[in-house]
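Peer 1: Model the following, please.
(chains A and B)
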Protein chains: 2
Amino acid sequence: MNIPINKNLKRVVIIGAGFSGIQVAKKLRRDKYQVVLIDKNNYHTFQPLLYQVATAGLEPDSIAHSIRNIIKNTKNFFFRLANVDYISTKKQIIYTNVGELFYDYLIIATGSITNYFGNKNIEYYSLPMKSIPEALNLRSLILQNFEYSLLTNNQKKKKRLMTFVIVGGGPTGVELAGALAEMKKYVIPHDYPDLDNKNMDIHLLQASPRLLDGMSKTSAEQAYKNLKELGVTIWLNCLVKDYDGKVVLIEKDKNIETANVIWAAGVKGAIIKGFLKEDIENNRILVNNYLRTIKYKNIFAIGDIAYMKKNKFYPNGHPMTAPPAIQQGNYLVKKFNLLLINNENIDKNYPPFIYKNLGSMATIGRNKAVCDFSFIKLKGFLAWIIWMFVHLVSLVGFRNRVIALTNWIIQYFQYNKSVRLIIRPFCRKKKVL
Amino acid sequence: MNIPINKNLKRVVIIGAGFSGIQVAKKLRRDKYQVVLIDKNNYHTFQPLLYQVATAGLEPDSIAHSIRNIIKNTKNFFFRLANVDYISTKKQIIYTNVGELFYDYLIIATGSITNYFGNKNIEYYSLPMKSIPEALNLRSLILQNFEYSLLTNNQKKKKRLMTFVIVGGGPTGVELAGALAEMKKYVIPHDYPDLDNKNMDIHLLQASPRLLDGMSKTSAEQAYKNLKELGVTIWLNCLVKDYDGKVVLIEKDKNIETANVIWAAGVKGAIIKGFLKEDIENNRILVNNYLRTIKYKNIFAIGDIAYMKKNKFYPNGHPMTAPPAIQQGNYLVKKFNLLLINNENIDKNYPPFIYKNLGSMATIGRNKAVCDFSFIKLKGFLAWIIWMFVHLVSLVGFRNRVIALTNWIIQYFQYNKSVRLIIRPFCRKKKVL
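Peer 2: This next block holds a predicted model:
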């Protein structure tokens, strides 16, 4: 990988430039460590806004930021664009598609991938939304199917092309359903006057008895109400059994005919090869309360991939979202910077990681959002303004903020999603029957 | 294609939503014709700024605009996303990948494609820049090769990855060379401090004895001087013979080792199947001075594809650029709207098309451009400001203008290209040896 060895500094390798990894890479003291960051992309993705890329509200450059631009001071810092193949925990070597690399300390921040729960059909025929190329594929699919539905007089086919099924009623599913409902309301009449927008159906399928499981009941009910008002059909206690590209099979022989299934039903840790069975539980890497892996003193895991099983507030592990990832990154970087990392016993003299839940929020559409804070729950316009403000300031980089804000202002006054461009058409290898 | 037949209106089909086609589609009177526009993309591309997409200065959404958003009033107007397979001039039917369509009048505005002059190696190994996906591929290639050159200690390979050869010294080649030279100056030291930017070489190869053949000698000399100052190596009277992915062969056994060849050396008309040999000359469709094809009274051609051979100011046909295309679109639409199109003889009672050259311009880099107007020639900062202004107002759509301007302002003050994201990595099917 052509990284010089510095005899005076231990090398810390971070795998993954998501919310947790980028924190560590930014803040680790370079006078104390040589820092190497590896990612398969040359950019950091602000995943909470992916749904806006998918629904033509924002372009990738608003929510992605070049890693080399985030970390400008490159003294003792090295970024490498690489795919990790596997890790030898014995030899302390990472093997990648562009060569191998020795580490003194390893921080695993690989995040999570879409979880299809083993269903190969769903994996093949539905669309995920975990990365920018996936969000762009989804955008192309949506816009293409509007175009295709214009071309047919077969009412059944037309309906199938204009029916959208979102599986998963978490924040992603709720925000996506809201954005699609707004496309139905504003974009179809504007762009496709010869398509009847009453033909467009949006279904949101949730396995549990309520939406937004991680949020308060008040907010979940408000989101339910708002989505209903926007015309979204919500199915609670609803498990998807299969999908063949044409029909979604739901329990008890119910089904929905659709050409568009968006899978937002779950994620699982992005495990790297080289770990043993006992290192992993629930598809995540087991860590102690200090984010250190159980067996390898020099390996840590943070973010979605880390499974802190024993912690008392979240016995099933922390939520796989941005806030715990950021806090874990900051926790670890502090300990590294205090040089408290050399000796495992020092863990005991330093407080364990405790996640502070600062609140959560979801937007449903124009002027509509829900926010849960410990001291107050908000809804409607105020919640929407707060949602926008929080997301704007959380975006990395001045340019991204300016461009996203400019887009939102234009959209607010133009009442429609602006970037309805099919830059790269989406097509599956196998044709749908 | 599911387009209703209107018994009272003749159907005009326009193929291509480039500069000429979109003019006609926008302005044709819908109380007099049913208008159908066909394009393989759902957006119109502002091609003069493609080089900024390739060099990470702008995102596609600044220079592309949704066709359905350009033409909002859709009474008697139909846009169809389709690839045209061939035309039966006898049956007056267009055959496409999504069905067939009868026309009363046909306007061919298919534009042009990259001309490799028959060299298959160059076609395979070099990169063109005629469309947005191509510009994005080029961006990925440039950024990837910076990353790869970090990974190697082999100086020869490093050099090859950081050497850029642009073939073609027209406006595209000149603007691209300038933008790459600015990347060398501002981006490499910022993003890749461990890459020596002296290793980055930019070559501009021009077949004729001067740059910017279509512009004045003064402007060409100024561009030459500016590019030299920016460190670009310019080869005049230089013909490329071959390229194998590693070495560009030039005449007289000279060659340049490079992994990056950008082909901006020529275009040719994008001919559709269904025309006869005698309908075509110089890879363009022959038209009379009224833009009507020679043999088919109801078929017209405008823009790059149209070859008006006999006109006295441009005996070799009009330049294949935006201004003639726009003027031809406007000329034709006027005649259609005056119902002067039904009878070929009426051509004689209406003045032939005459292209008014309003001037031309090219930008070389920050604060540097050249403009040729009939009354004055400009260079430097003033020319650059005019260049920006003209391009901004020429962009279609309020949003595109705002986003492009915002990007340019941010870049002007940040001194670097902002969107250095490799969203979809570029790779060839065959690996370079």
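Peer 1: need the residues of the stretch 251-400 of chain A near chain B, please.
Peer 2: A:398-399 (Cβ under 8 Å from any Cβ of the partner chain). (Each C-beta comes from the backbone N, C-alpha and C, glycine too.)
Peer 1: where in the stretch 251-400 of chain A is pLDDT low?
Peer 2: Scanning the stretch 251-400 of chain A with the threshold set as pLDDT under 70 gives A:343-346.
Peer 1: Which parts of chain A belong to which domain?
Peer 2: A:10-40+A:82-114+A:268-349, A:120-265 (automatic domain parsing).
Peer 1: Would you convert these into TSV that also reports mean neighbour count and distance to B:Asp372?
Peer 2: Output for the domains of chain A, formatted as TSV (neighbours: other Cβ atoms under 10 Å in any protein chain shown; distance: least, Cβ to Cβ, whole Å):
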stretch	mean neighbour count	distance to B:Asp372
domain A:10-40+A:82-114+A:268-349	19	47
domain A:120-265	19	40
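Peer 1: ok, A:Leu138 - contacts?
Peer 2: Residues near A:Leu138 by Cβ atoms under 8 Å, 6 or more residues apart in numbering or on different chains: A:54, A:127, A:129, A:262, A:426.
Peer 1: Which of these fall within helices?
Peer 2: Using DSSP state H, the members of the contacts of A:Leu138 that fall in helices are A:Ala54.
Peer 1: Of the contacts of A:Leu138, just say which sits nearest to chain B.
Peer 2: A:Phe426 (12.2 Å; Cβ to the nearest Cβ).
Peer 1: For burial, what's the neighbour tally of the closest one?
Peer 2: 17 (other Cβ atoms under 10 Å in any protein chain shown).
Peer 1: the strands in the stretch 251-400 of chain A, which residues?
Peer 2: Using DSSP state E, counting those that start in this stretch, the strands found in the stretch 251-400 of chain A span residues A:255-257, A:260-263, A:267-269, A:280-281, A:284-287, A:299-301, A:306-308, A:360-365, A:368-372, A:377-379.
Peer 1: Make sure A:Ile113 is indeed in a helix.
Peer 2: No - according to DSSP: H, G, I helix; E, B strand; the rest coil, A:Ile113 belongs to no helix; its state is strand.
Peer 1: my read: it touches A:Lys130, true?
Peer 2: Yes - counting by Cβ atoms under 8 Å, A:Lys130 is a contact partner of A:Ile113 at 6.4 Å.
Peer 1: Which among the strands of the stretch 251-400 of chain A is found nearest to A:Asn76?
Peer 2: Of all those, it is strand A:299-301 that lies closest to A:Asn76, at 19.3 Å by Cβ to Cβ.
Peer 1: so how far is the closest one off the chain centroid?
Peer 2: Offset of strand A:299-301 from its chain centre (Cα atoms, centre = their mean, to the nearest Å): 21 Å.
Peer 1: Need the contact partners of that strand.
Peer 2: Outside strand A:299-301, the residues touching it (Cβ under 8 Å, 6+ apart) are A:89, A:105-109, A:284-285, A:287, A:291-293, A:307, A:332.
Peer 1: which one of those sits closest to B:Met320?
Peer 2: A:Ala109 (50.6 Å).
Peer 1: Chain A: helices as residue ranges?
Peer 2: Taking DSSP H, the helices of chain A run over residues A:19-27, A:50-54, A:60-63, A:67-70, A:120-125, A:132-151, A:155-161, A:171-182, A:188-191, A:217-229, A:322-337, A:380-394, A:398-414.
Peer 1: In JSON lines: these, plus distance to B:Lys368.
Peer 2: Shown next, in JSON lines, are the helices of chain A (distance: least, Cβ to Cβ, whole Å):
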{"stretch": "helix A:19-27", "distance to B:Lys368": "36"}
{"stretch": "helix A:50-54", "distance to B:Lys368": "35"}
{"stretch": "helix A:60-63", "distance to B:Lys368": "25"}
{"stretch": "helix A:67-70", "distance to B:Lys368": "25"}
{"stretch": "helix A:120-125", "distance to B:Lys368": "52"}
{"stretch": "helix A:132-151", "distance to B:Lys368": "34"}
{"stretch": "helix A:155-161", "distance to B:Lys368": "50"}
{"stretch": "helix A:171-182", "distance to B:Lys368": "43"}
{"stretch": "helix A:188-191", "distance to B:Lys368": "40"}
{"stretch": "helix A:217-229", "distance to B:Lys368": "53"}
{"stretch": "helix A:322-337", "distance to B:Lys368": "43"}
{"stretch": "helix A:380-394", "distance to B:Lys368": "35"}
{"stretch": "helix A:398-414", "distance to B:Lys368": "23"}
